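1. just need the structure, nothing else, for what follows:
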Amino acid sequence: MSTGTSMRKWQIRIFAACFIAYTAAYICRVNISVALPGIQESLGLSSTRAGLIGTSFFWIYAIGQLVNGYIGDQVSGRIFIFIGLITSVLINVLFGFSTSLIFMVLLWGANGIFQSMLWGPIVRILANWFPGRKNASVAFGMSFSMIIGYLIAWGISGMIMERLGWRWAFWFPAGIVTVLACVWYVMVRNKPSDIGMPAVHEEEPVEAAETADLPGDHGKAGSMAFLKLISGTNLLFVAFAGITQGIIKDSISLWSPTLIMNTQNLSLKSTLAVVLIIPVLNFIGILFAGWLNRLLKYKEKITIMLLMIGSALASLGLVFFIETNTVLTIILISCASAFIFGANPAMTTIIPLSYREHRRVSSVAGFIDFSIYVGSGLAGAFTGFIADHYSWTNVFTMWFLVSLLGALSMGICVFRESRASTAGTVSGQGQNFNE
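-> Numbers count the residues shown, from 1 in each chain. Below you'll find the model as predicted:
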């Protein structure tokens, strides 16, 4: 068998392993959404108090991304991710036995720590195995793992919960993820050299903006200090857009079952049936984002900006039509989510992969994911507070304004890069670096 054929087979295997691992992560993460109405009824919780469970996960996950993203550049991703998955399984099992809000908040926060051990190292492993423009295809391909995770967690957990109670929405997914974690460990290898194969090489020229030397890089590839990387690029603008994306994405994912039940007067069974349209349209949103990014010649920041504008318009539609038509309401919620999910692969994978030359892929992925989950942390209890004290219409207004702020931040990023390019400034990752 030729080396090229063997490499292609291994690339397929590695992609499949990473896809399985991140699907598994979501199965033991978003099951909280379908269980939330049952938890509220069982413990007599308001939306604000119940939202603390999600908030604890998001805030701790955000901090964990920052720390574990850095660690992920230093250790074996294969082992690191396996530990994260198995520990998340144990936490889900314990959560199913919980009887108090405080214990739930602490446990789900702990779940955030171990779930944050996954994404940065996964991106690093993908960077080791896939060169050049394959990065974009891999990025959008990996995003479908989230959709599969949602479908399994919301679909299977929803059916289990309806028959056996909300606690089984944690126990049953834990069994599935135990198997998937073992599959991950058997299938994956950190890099080609682990199996005696040569490192992958660029198959096509990379944009000059992606390969230019950065301050502090001279004499030793990848030695650039991470803080210098942040301060010397437009990563802070990307991070702010990430915060806004996290607010919208996880406000919808955490609260959509409760939101639909409360605003459309549907039963739990009917809600769990119609809510599955959201992951399906998220799938379409990612396909659309990939098409749009190709149409724009891989200008991912412009792609992100346009998608966030789309989410803002869908949210504005909800403000006016929430009380008029159930089908239209669910479609608009799904569209607001789909546009945001479409922006996710460009933000969390393609941009970090462009830092592979500086050996900061996991760190940058962790930093961007950190920003997204800072927003997610704001979304949990804050969305519940608005719903409790004002109305869901005010929640949709918040989505509209936040999406526009995210689009504006990416617009500033694009403008700065365009101005730097026009001025002939040396740049990295399409971002400004002054010598």
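
2. ranges for the helices of the stretch 301-435 of the chain?
-> According to DSSP state H, counting those that start in this stretch, the stretch 301-435 of the chain carries its helices in the segments 326-345, 351-353, 361-389, 392-422.

3. pLDDT wise, what is the most centrally placed residue in the chain at?
-> Among the residues of the chain, the smallest C-alpha distance to the mean C-alpha position (C-alpha atoms, centre = their mean) belongs to Asn344, namely 6.1 Å. The pLDDT attached to Asn344 in the predicted structure is 83.

4. hang on, it packs against Ser143?
-> Yes. Asn344 sits in contact with Ser143 when judged by C-beta atoms under 8 Å, with a separation of 5.9 Å. Heads up, the C-betas are built off the backbone N, CA and C, glycines and all.

5. overlap in contacts of those two?
-> By the contact definition C-beta atoms under 8 Å, 6 or more residues apart in numbering, Asn344 and Ser143 are jointly contacted by Ile286.

6. what's the neighbour count on Arg163?
-> Using other C-beta atoms under 10 Å as the criterion, Arg163 is surrounded by 8 other residues.

7. what angle do the host helix or strand of Val280 and helix 326-345 make?
-> Val280 is located in helix 277-295, with elements delineated by DSSP states H and E. Helix 277-295 runs at 50 degrees relative to helix 326-345, counting by axes from the mean of the first three to the mean of the last three C-alpha atoms, to 10 degrees.

8. when you give positions from now on, start the count at 46
-> Let's use 46 as the start, then, which means that last one is helix 322-340.

9. so, low pLDDT: which residues of the stretch 46-195 of the chain?
-> Confidence mapping of the stretch 46-195 of the chain against pLDDT under 70 gives the ranges 46-49, 177-181, 184.

10. all the strands of it, residue numbers only.
-> Listed in chain order, the stretch 46-195 of the chain contains no strands at all (DSSP state E, counting those that start in this stretch).

11. now do the phi/psi pair for Arg234.
-> According to degrees, to the nearest 10, the main-chain angles of Arg234 amount to phi -140, psi 150.

12. these two touch, right, it and Ile59?
-> Yes. When contacts are counted by C-beta under 8 Å, Arg234 is listed as touching Ile59 (7.1 Å).

13. neighbour count for these two, which is higher?
-> Each of Arg234 and Ile59 had its neighbours counted (other C-beta under 10 Å), and the higher figure belongs to Ile59 (23 against 19).

14. pretty sure the more buried one contacts Leu171?
-> Yes. Checked against C-beta under 8 Å, the pair Ile59 and Leu171 is within contact range at 7.4 Å.

15. good, wrapping up.
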